[in-house]
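Q: Using only what follows, build the 3D model:
(one chain, ligands or ions: 2)
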Amino acid sequence: MSEPVNTKASSPSPILEIRELKKSFKDTDVLKGISLSVDKGNVVTIIGPSGSGKSTLLRCASFLETVDGGDIIYDGRYAVKDGTAAPKKELSGFRSLFGMVFQNFNLFPHYSVMKNITEPPILHGCGREEAEERAVSLLKKMGLEGKEKA
Ligand SMILES: Nc1ncnc2c1ncn2[C@@H]1O[C@H](COP(=O)(O)OP(=O)(O)OP(=O)(O)O)[C@@H](O)[C@H]1O
Ligand SMILES: [Mg+2]
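A: Ligands and ions are numbered 1, 2, ... in the order given. Just a heads-up that it's a prediction; the model follows:
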C-alpha cells in the first residue's frame, strides 16, 4: 500500500500526485478520472464553476471522502491505490502532510481566537507553549496582533 513510486534521488516525487481519481454520489459522477501533480513549493489553484467538484476533490485528497477509483500518492507513498485507502493508522501519518481551510471556516464560535488556532496542533502532540508562540507569530503575520482573546 505504501511502496515508493519513485526512488530516484535525482528526481524527487511530487509532494502530491492524484491519478485517475473517481468519485460519484449515487447517480452523480463528480470526479471522472482527475489527475494532477503538485511539486514541493508549488502553488496550484483549482478553478471551476459551483458544483464542479473542487471541494469533493479536496475532501477526497484529505480522506474526508472515500473514493471509487484512482490513486492518491503523497510524497511517493500510496495513501489510496486503485480506489482503496491505506489502513486508518497509516492515513493518520499522511494527515500530517497537509492542512485544510474549509470553505465555511469551521471555527468554534465558543473558543477564543487563540484556542481555535492552538487546539489542532496541541491535539497532534505539539506542546502548548510552542503552539501559542506559533499562534502569536501567525496572528502578527496576518495583521491580527492582539486578537488572541477575541
Ligand atoms: N455528500 C454529498 N452527497 C451528495 N452529493 C454531493 C455531496 N457532496 C457534494 N455533492 C455533489 O457533488 C457535486 C460537486 O460538489 P462540490 O461541493 O465538490 O462542488 P464545488 O466545485 O466545490 O462547488 P462550489 O464552488 O459551490 O464550492 C455537486 O453536484 C454536489 O451537489
Ligand atoms: Mg466548494
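
Q: domains for this protein, by residue range?
A: For the chain, automatic domain parsing gives the domain ranges 16-95, 107-150.

Q: Give me whichever of those is most buried.
A: Greatest average neighbour count among those goes to domain 16-95 (a mean of 15), per mean count of other C-beta atoms under 10 Å. For glycine as for every other residue, the C-beta is placed from the backbone atoms N, C-alpha and C.

Q: is ligand 2 contacted by it?
A: Yes. Counting by C-beta under 5 Å from the ion, ligand 2 has neighbours in domain 16-95: 54-55.

Q: who touches the residue in the chain positioned nearest to ligand 2 in this structure?
A: Using C-beta to the ion, the single residue of the chain nearest to ligand 2 is Ser55, 3.1 Å away. Counting by C-beta atoms under 8 Å, 6 or more residues apart in numbering, Ser55 makes contact with Gln103.

Q: if we can go back for a sec, could you take the domains of the chain and lay them out as CSV, with extra columns for distance to Val101 and mean pLDDT?
A: Shown next, in CSV, are the domains of the chain (distance: least, C-beta to C-beta, whole Å; pLDDT from 0 to 100):
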stretch, distance to Val101, mean pLDDT
domain 16-95, 10, 95
domain 107-150, 10, 94
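
Q: Could you tell me how far the residue of the chain closest to ligand 2 is located from His124?
A: From Ser55 over to His124 the distance is 23 Å, taken as C-beta to C-beta, to the nearest Å.

Q: now do Ile18
A: From Ile18 to His124 the distance is 24 Å (C-beta to C-beta).

Q: quick one on the thing from earlier: shouldn't the residue of the chain closest to ligand 2 be within a helix?
A: Yes. Ser55: assigned to a helix according to DSSP: H, G, I helix; E, B strand; the rest coil.
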